[in-house]
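Q: Predicted model follows, preceded by the sequence.
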Amino acid sequence: MSRIARRDLTSVLTQDQVVLPKPEDQLRWTTAEKFVAHRNMHHLFPRDVISAGEHVRPLETAANIDVSYTYQGKPLTLDGYFDDNQATGLIMLKGGKIVLEKYAHGNDASTRWASRSMAKSFTSTLVGAAIQDGAIDAVDDPVSKYVPELKDSLYDGVSLRQVLQMVSGVPFIEDYKDPNADVYALQACTVRREIGSFLRLLNKVANRVPKQRTPPGSVFYYSSLDSILCGIVVERATGKRPAAYLSEKIWKPFGMEADGFWNTEADGGTTFTASGIGATLRDYARFGQFILEGGSIGTTQVLPSWWLSEATKPSEASLKERAPYGFQWWLHVAQDVNSVRAGAVDPGTPFGDPVPLRGAGSMFYALGNAGQSISINSTEGIVIVKWAAWSDSQGPNGRGRHADATLFAALMDAVA
């Protein structure tokens, strides 16, 4: 098929040139600033290119649906949802065909929008690819096998599985409202442009005095530092930078339409594998379709045959937190635990009735700050990708994910 999007990375739009926000203020950007910054992350931070190939996987447009539904007593259509939830892009695939595609706030088919933490699910997928390639021996290998600098630290004895599940036991404070939190030190690594910043932070956090050890596997504690470590393991094991490995294993062979990018700490430095991907809306949807199809491309098994069933199996520790979480994937519901973090239930009534969503038991997500999501429903054969620019991580009225799940349920009903 002919390309809808420009293949090469986009330039700064004329209207964005005078209003680009400061990179160092990223965790404090307003919604208005995110509308601009999230489509210009390749200009604000160092990055590697995720190269597309010559082959483009077709995405036939079968429909462009709208819906009418009610949320919190308010009648809504797609336009109303976009207005209320600072949404900037939405695409839905059913059976690999587009049934909905919508852009807002200056975005279009060539826009490369920020993944934020959706990138964690890409990083996890590269771990699976490296295992399939034999570069990583096993998911239960100790991470110090690949990053020996972490021996005798709190990461010593922690397995790759435990890091993927964010049950490493290494304390990391990811509180965006606390400027003294560890996540602000992580963010600083992305603006200093110094090679080795991420690894130095890993060592600092894992060697704090006194060393406060929580038994690995016992507590689910969301940590972008664990995701950075997963990326370092992939690069050490494969000898390839994550952007190049993603291009080689998925981007080119699956037929992504346009070059993407992955932000780094510095030119030639460690990749920001907790965040930092930029891609078009359709290519995010293609990635979701790749996962939906079992991690294979034609007759080539890119991921181990067992990978996705393990990757979408929640840790016991995450179930205790009512936030079912696998290998950097959020689950909608697991073992009768409805996820507040994924929006299955209203956060104000976490033990209340869940959103009545078709195929809820097979629904899982890549979620990113400020409202980004890739939703995959294997029972219904559906992929939904949504971009947004929420002012904070929880969304409007602290119910952003619940509002999303309610919309997604209406969309699935519309194509059932």
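A: Yep, it's here. As the structure is a prediction and not an experimental result, all values here were calculated from the model.

Q: tell me the pLDDT at the residue sitting furthest away from the middle of the chain?
A: The centre of the chain is farthest from one residue, residue 210, which by C-alpha atoms, centre = their mean lies 32.8 Å away. On the pLDDT scale, residue 210 is placed at 75.

Q: Same check on residue 1?
A: The predicted local confidence for residue 1 is 55.

Q: The residue farthest from the centre of the chain in helix, strand or coil?
A: Following DSSP: H, G, I helix; E, B strand; the rest coil, residue 210 is assigned to coil.

Q: for the stretch 301-416 of the chain, what spans make up the strands?
A: Applying DSSP state E, counting those that start in this stretch to the stretch 301-416 of the chain gives strands spanning 330-331, 333-334, 337-338, 363-368, 372-377, 382-388.

Q: number of nearby residues for residue 360?
A: 20 (other C-beta atoms under 10 Å). For every residue, glycine as well, the C-beta is placed using N, CA and C.

Q: my bad, residue 70
A: Residue 70 has 10 neighbours, counted by other C-beta under 10 Å.

Q: and if you look at residue 7?
A: For residue 7, using other C-beta under 10 Å, the count is 15.

Q: How is it classified with respect to secondary structure?
A: Taken by three-state DSSP, the conformation at residue 7 corresponds to coil.

Q: Next up, the contacts around the closest residue to it other than its chain neighbours.
A: Counting by C-beta to C-beta, 6 or more residues apart in numbering, residue 7 lies nearest to residue 258, which is 5.3 Å off, once chain neighbours are set aside. By C-beta atoms under 8 Å, 6 or more residues apart in numbering, the contact set of residue 258 is 3, 5, 6, 7, 8, 52, 110, 112, 279, 280, 283.

Q: Tell me where the stretch 1-150 of the chain has helices.
A: Along the stretch 1-150 of the chain, counting by DSSP state H, counting those that start in this stretch, helices occupy 31-37, 41-44, 78-84, 119-132.

Q: Highest mean neighbour count across the ones you listed, which stretch is it?
A: Comparing the helices of the stretch 1-150 of the chain by mean neighbour count (mean count of other C-beta atoms under 10 Å), helix 119-132 ranks first with a mean of 26.

Q: other SSEs contacting that helix?
A: Judged by 3 or more C-beta pairs under 8 Å, 6 or more residues apart in numbering; DSSP states H and E, the packing partners of helix 119-132 are helix 160-164, helix 224-238, helix 242-246, helix 307-311, strand 363-368.

Q: Distance to residue 87 and mean neighbour count for those - can I get that in JSON lines?
A: Output for the helices and strands packed on helix 119-132, formatted as JSON lines (distance: least, C-beta to C-beta, whole Å; neighbours: other C-beta atoms under 10 Å):
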{"stretch": "helix 160-164", "distance to residue 87": "30", "mean neighbour count": "26"}
{"stretch": "helix 224-238", "distance to residue 87": "24", "mean neighbour count": "24"}
{"stretch": "helix 242-246", "distance to residue 87": "26", "mean neighbour count": "24"}
{"stretch": "helix 307-311", "distance to residue 87": "27", "mean neighbour count": "19"}
{"stretch": "strand 363-368", "distance to residue 87": "13", "mean neighbour count": "27"}
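
Q: how about these in a markdown table, adding distance to residue 19 and mean pLDDT?
A: Listed next are the helices and strands packed on helix 119-132 as a markdown table, based on distance: least, C-beta to C-beta, whole Å; pLDDT from 0 to 100:
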| stretch | distance to residue 19 | mean pLDDT |
| --- | --- | --- |
| helix 160-164 | 38 | 98 |
| helix 224-238 | 27 | 98 |
| helix 242-246 | 28 | 98 |
| helix 307-311 | 39 | 98 |
| strand 363-368 | 22 | 98 |
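
Q: Take the ones you listed and lay them out in a markdown table including distance to residue 295.
A: Converted to a markdown table, the helices and strands packed on helix 119-132 look like this (distance: least, C-beta to C-beta, whole Å):
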| stretch | distance to residue 295 |
| --- | --- |
| helix 160-164 | 15 |
| helix 224-238 | 15 |
| helix 242-246 | 13 |
| helix 307-311 | 6 |
| strand 363-368 | 13 |
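
Q: For residue 403, which of those is the nearest?
A: Comparing those against residue 403 with C-beta to C-beta, the closest turns out to be strand 363-368 (13.8 Å).

Q: quick one, the closest one and strand 382-388 angle?
A: Angle between the axes of strand 363-368 and strand 382-388 is 20 degrees (criterion: axes from the mean of the first three to the mean of the last three C-alpha atoms, to 10 degrees).

Q: just how off-centre is strand 363-368 within its chain?
A: Remark: strand 363-368 is offset 7 Å from the chain centroid, using C-alpha atoms, centre = their mean, to the nearest Å.

Q: tell me what it is packed against?
A: Applying 3+ C-beta pairs under 8 Å, 6+ apart, one finds that strand 363-368 contacts helix 119-132, strand 330-331, strand 372-377.

Q: and with 7 Å instead?
A: strand 330-331, strand 372-377 (3 or more C-beta pairs under 7 Å, 6 or more residues apart in numbering; DSSP states H and E).

Q: Residues in contact with it: which ones?
A: Strand 363-368 is contacted by residues 115-118, 121, 312, 329-332, 342, 357, 373-377 when judged by C-beta atoms under 7 Å, 6 or more residues apart in numbering.

Q: Can you tell me the number of residues neighbouring residue 16?
A: So residue 16, with other C-beta under 10 Å, has 17 neighbours.

Q: hang on, it packs against residue 38?
A: No - between residue 16 and residue 38 there is no contact under C-beta atoms under 7 Å: 10.7 Å.

Q: now the residue nearest in space to the middle of the chain: how far from residue 317?
A: In the chain, the residue lying closest to the centroid (C-alpha atoms, centre = their mean) is residue 118, at 0.7 Å. Look at residue 118 and residue 317: by C-beta to C-beta, to the nearest Å, they are 22 Å apart.
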